[in-house]
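K.L.:
Just to be clear, the model below is a prediction. Sequence and coordinates:
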Amino acid sequence: MADTLTPVLSDNWDQIRSWQLSSYQRSGGYDALRKALAMQPADVVATVKDSGLRGRGGAGFPTGMKWQFIPQDNPNPKYLVVNADESEPGTCKDIPLMMASPHTLVEGVVIASYAIRASVAFIYVRGEVLHVIRRLQQAVQEAKDAGYIGTNILGSGYDLDVVVHAGAGAYICGEETALLDSLEGRRGQPRLRPPFPAVAGLYGCPTVINNVESIASVPAIIKNGPDWFSSMGTEKSKGMTLYSLSGHVTRPGQYEAPLGITLRELLDLAGGVREGHELKFWTPGGSSTPLLTSEHLDVPLDYEGVGAVGSMLGTKALQIFDDSVCVVRAVLRWTEFYKHESCGKCTPCREGTWWLVQILERLEKGQGSDEDLDVLLDLSENILGRSFCALGDGATAPITSSIAHFKDEYLAHFENGGCPFDPMASTVFATAGASA
Amino acid sequence: MAENHTTATDKTVPYSTGDSKITDATIAEMREIAARYPVARSALLPMLHLVQSVEGRVTPEGIEACADVLGLTGAEVSAVATFYTMYKRRPVGDYHVGVCTNTLCAVMGGDLIFDRLKQHLDVGNDETTEDGKITLEHLECNAACDYAPVMMVNWEFFDDMTPESATQLVDDLRDGNEVKSPRGATVCTWRETERVLAGYPDGRADEGPTGGKATLAGLRLARERGWTAPGGSSNAETQKED
Ligand SMILES: Cc1cc2nc3c(=O)[nH]c(=O)nc-3n(C[C@H](O)[C@H](O)[C@H](O)COP(=O)(O)O)c2cc1C
Ligand code: SF4
Ligand code: FES
């Protein structure tokens, strides 16, 4: 049985200047790269596959298997693209990781690129995080100067270039095929699949796209072995991961634990829900994952456990809302987000999110009726599964789940002729114990 | 996306003002950016960041320069520039001040902070103060929810904000006082920021801490309780930041 918290990715974050190469090397950095370069690329892939690592960007697809799909007999160049767009509301793990230890990602990039025999790797980072971009740029430069990136890396005969690429503000560019279009210098709109990126990705060439945390987990797996990694976690959800607690919790932040920990345990570590208040609702993995309530405190936070209660583990972005928060206000705001970020390519999402906002605005003002709730559910049903990409599906998650758990609160808005909540009460600067 | 994002302003978008600062040196840098990629068009996003660093917005001349370098039409470049919220067609002030009003920050106080700043600066969303110093905008989640309510100044983090600390922050910016991000560097101008985003480092990566309190919350607890991953930690006993 592993300890309750198992810092691996975060283990060097309290070291002096942990973002610099010299600090990272003092913590054993780039040992895994040496080890990987002494292995056959296919054996690196097999090691990652055996570890059971699943993608940490939301969908949980097995990482080693994704790498194996790259057709090595394809004569085109191969590419690795790191998805560092982190924009799913609530998600805040990749950014602190790259701020504190960009070399963990860079080392993972070189190992992953070697495994799939990529010639160039791209780190596509959202543009709105200046200091993280500075640290990534510096880390890549330091790695080049040290011979970890470039030609004939550490005498292995393997060549790799790494480019840090800043995006320009568009949530949809986190969707992997929209990201590829954006990286090709176009509007970020999703592509039809198949063909999958493994076969025809960036510039039509075989491409692996992985989340920051997925790639950053690779050096530790290579260094300590697949069995070490799979000794943490649950049967089908292996390893440690970053859980991000935010909102009405005493000590919000990053908690790295084996997959399968529960919210009850995490809240306990984080000092509980804000004093004087009770947990009302929470997202297990960002706003695109259906809301859960205090009924779900003991659900194991792994892919299967959260799936079994009708939500998704997603990005493990645990946004905690206490009893001072109006669920209708929260859902309206998320819906406005999806409307704003809809790329406009397909009708159900482009038009549907627009209608959802119109109706929710009316409901929040207390001008709606029971029928509007049926229209909301009907609209959601028409968007879910009929949209071109998962953004549209995600837009319906807060709506359908909030109506399922909090129908009475929607009704209270009609009865009350408006929102019965005081918006001041939910703020961090509301005086403790004041109006709830 | 920018094109269907309604703003409070009804000011028209300035087309060419005839004072473009794009020079041969800018074009040379655009070519340099293009050379970083296996296919030159991939450079378009960083090139547009470069245009903003030179022009203070995306100008028609900037669009034409990108089009020339990449062999595209101006319309093709415009289509891309208008898709992304970070590209601005109106001049941006020295300081771009963002307030996260996505759900979590909003309920934690972001909505009240944004309202207070609109009043205090006498501007609406996506508008610039008359002195040209500050452009105010509400933001979507900026991946810092564990520090809610969050603000960004020229894309540097400002954590755990209140209406009072927010007004103090913008006053300091307007008065020209030095302002440091709690998880970043001393704030530079918006144009300087855009240059870093174009891929030209400014040598300031070493400023600031590894992370803030929330970043380190779990790690500190693990250290206190002696918890590690199987096999132990090589860092638990070594020198710590602060
Ligand atoms: C609208 C939308 C936004 C997404 N945003 C991100 C993101 O910011 N970061 C990320 O890693 N994955 C994001 N994803 C998931 C990616 O499409 C993809 O599944 C992931 O990057 C694969 O990496 P992984 O297998 O390592 O998880 C998003 C998906 C959708 C539909
Ligand atoms: S679902 Fe939305 S974001 Fe996805 S392709 Fe359709 S319009 Fe674009
Ligand atoms: S909701 Fe404001 S940073 Fe995430």
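P.N.:
Thanks, I have the structure now. Ligands and ions are numbered 1, 2, ... in the order given.
K.L.:
What segments of chain A are strands?
P.N.:
Secondary structure of chain A (DSSP state E): strands at A:79-84, A:120-125, A:161-166, A:207-211, A:240-247, A:253-258, A:279-283, A:292-293, A:317-322.
K.L.:
nearest to residue A:8, of the ones you listed?
P.N.:
Ranking these by their distance to residue A:8 (criterion: CB to CB) puts strand A:240-247 first, at 5.2 Å. Any C-beta I mention is one placed from the backbone N, CA and C, and that applies to glycine too.
K.L.:
between that closest one and strand A:279-283, how big is the angle?
P.N.:
Regarding strand A:240-247 and strand A:279-283, their directions subtend 130 degrees when assessed with axes from the mean of the first three to the mean of the last three CA atoms, to 10 degrees.
K.L.:
Could you spell out the sheet neighbours of strand A:240-247, each with its direction?
P.N.:
Sheet pairing here is set by DSSP bridges, and for strand A:240-247 it gives strand A:253-258 (antiparallel), strand A:317-322 (parallel).
K.L.:
most tightly surrounded among those?
P.N.:
Relative to the other members of the strands paired with strand A:240-247, strand A:317-322 carries the highest mean neighbour count by mean count of other CB atoms under 10 Å in any protein chain shown, namely a mean of 28.
K.L.:
among the strands paired with strand A:240-247, which is nearest residue A:266?
P.N.:
Relative to residue A:266, the nearest member of those by CB to CB is strand A:253-258, separated by 5.9 Å.
K.L.:
what pLDDT, on average, does that closest one get?
P.N.:
Averaging pLDDT along strand A:253-258 yields 98.
K.L.:
ok, how many other residues are close to residue A:27?
P.N.:
Neighbouring residues of residue A:27 were enumerated by other CB atoms under 10 Å in any protein chain shown; the total is 18.
K.L.:
Would you mind listing the buried residues in the helix or strand containing residue B:223?
P.N.:
Element membership of residue B:223, judged by DSSP states H and E, is helix B:217-225. By 16 or more other CB atoms under 10 Å in any protein chain shown, the buried positions in helix B:217-225 come out as B:217, B:218, B:219, B:220, B:221, B:222, B:223.
K.L.:
Could you confirm whether stretch B:232-240 reaches chain A?
P.N.:
Yes: contact between stretch B:232-240 and chain A is present through B:233, B:234, B:235, B:238, B:239, B:240 (criterion: CB under 8 Å from any CB of the partner chain).
K.L.:
Which of the residues you listed sits closest to ligand 3?
P.N.:
Closest to ligand 3 out of the residues of stretch B:232-240 next to chain A is residue B:240 (26.9 Å), distances taken as CB to the nearest ligand atom.
K.L.:
wait, what's in contact with the closest one?
P.N.:
When contacts are counted by CB atoms under 8 Å, 6 or more residues apart in numbering or on different chains, residue B:240 touches A:14, A:15, A:16.
K.L.:
before we move on, back to that, now flag whichever of the buried residues of helix B:217-225 is closest to residue A:103.
P.N.:
Nearest to residue A:103 among the buried residues of helix B:217-225 is residue B:219, at 17.0 Å by CB to CB.
K.L.:
pLDDT at that closest one, what is it?
P.N.:
Each residue has a pLDDT score; the one for residue B:219 is 98.
K.L.:
now residue B:241
P.N.:
Taken from the predicted model, the pLDDT recorded for residue B:241 is 61.
K.L.:
what do you get for residue A:182?
P.N.:
Value for residue A:182, per-residue pLDDT: 98.
K.L.:
what about it, neighbour count?
P.N.:
Residues contacting residue A:182 under the criterion other CB under 10 Å number 28.
K.L.:
check contacts around the residue most central in space within chain B.
P.N.:
Per CA atoms, centre = their mean, the C-alpha nearest to the average position across chain B is that of residue B:155, at 2.8 Å. By CB under 8 Å, 6+ apart, residue B:155 lies in contact with A:127, A:128, A:129, A:130, B:96, B:98, B:193, B:197.
K.L.:
go on, residue B:147?
P.N.:
Residues in contact with residue B:147, defined by CB under 8 Å, 6+ apart, are A:252, B:157, B:159, B:160, B:183, B:212, B:214.
K.L.:
Excluding chain neighbours, give the residue nearest to the residue of chain B found nearest chain A in space.
P.N.:
Using CB to the nearest CB, the single residue of chain B nearest to chain A is residue B:217, 3.0 Å away. Nearest residue to residue B:217 in three dimensions, chain neighbours excluded: residue A:253, at 3.0 Å (CB to CB, 6 or more residues apart in numbering or on different chains).
K.L.:
Mind listing the residues bridging to the one you found?
P.N.:
Note on residue A:253: beta-bridge partners by DSSP bridges are residue A:245.
K.L.:
Could you pull up the contacting residues of whichever residue of the stretch 151-300 of chain A sits closest to chain B?
P.N.:
Of the stretch 151-300 of chain A, the residue with the smallest distance to chain B, taken as CB to the nearest CB, is residue A:253 at 3.0 Å. Contacts of residue A:253 were listed using CB under 8 Å, 6+ apart, and they are A:244, A:245, A:270, B:146, B:213, B:214, B:215, B:216, B:217, B:218.
K.L.:
residues contacting the residue in the stretch 101-250 of chain A positioned nearest to ligand 1?
P.N.:
Here the stretch 101-250 of chain A gets closest to ligand 1 at one residue, residue A:174, 2.1 Å apart by CB to the nearest ligand atom. For residue A:174, the set of contacting residues under the criterion of CB under 8 Å, 6+ apart consists of A:57, A:83, A:85, A:86, A:87, A:88.
K.L.:
is it true that the second one touches residue A:177?
P.N.:
No: with contact taken as CB atoms under 8 Å, residue A:83 and residue A:177 are classed as non-touching, separated by 11.2 Å.
K.L.:
Those two: which is more packed in?
P.N.:
Counted by other CB under 10 Å, residue A:83 and residue A:177 do not tie: residue A:83 has more neighbours, with 27 against 20.
K.L.:
burial count for the spatially closest residue to that one that is not a sequence neighbour?
P.N.:
Distances taken as CB to CB, 6+ apart put residue A:211 closest to residue A:83, at 5.1 Å, once the chain neighbours are dropped. Burial of residue A:211 is recorded as 24 neighbouring residues (other CB under 10 Å).
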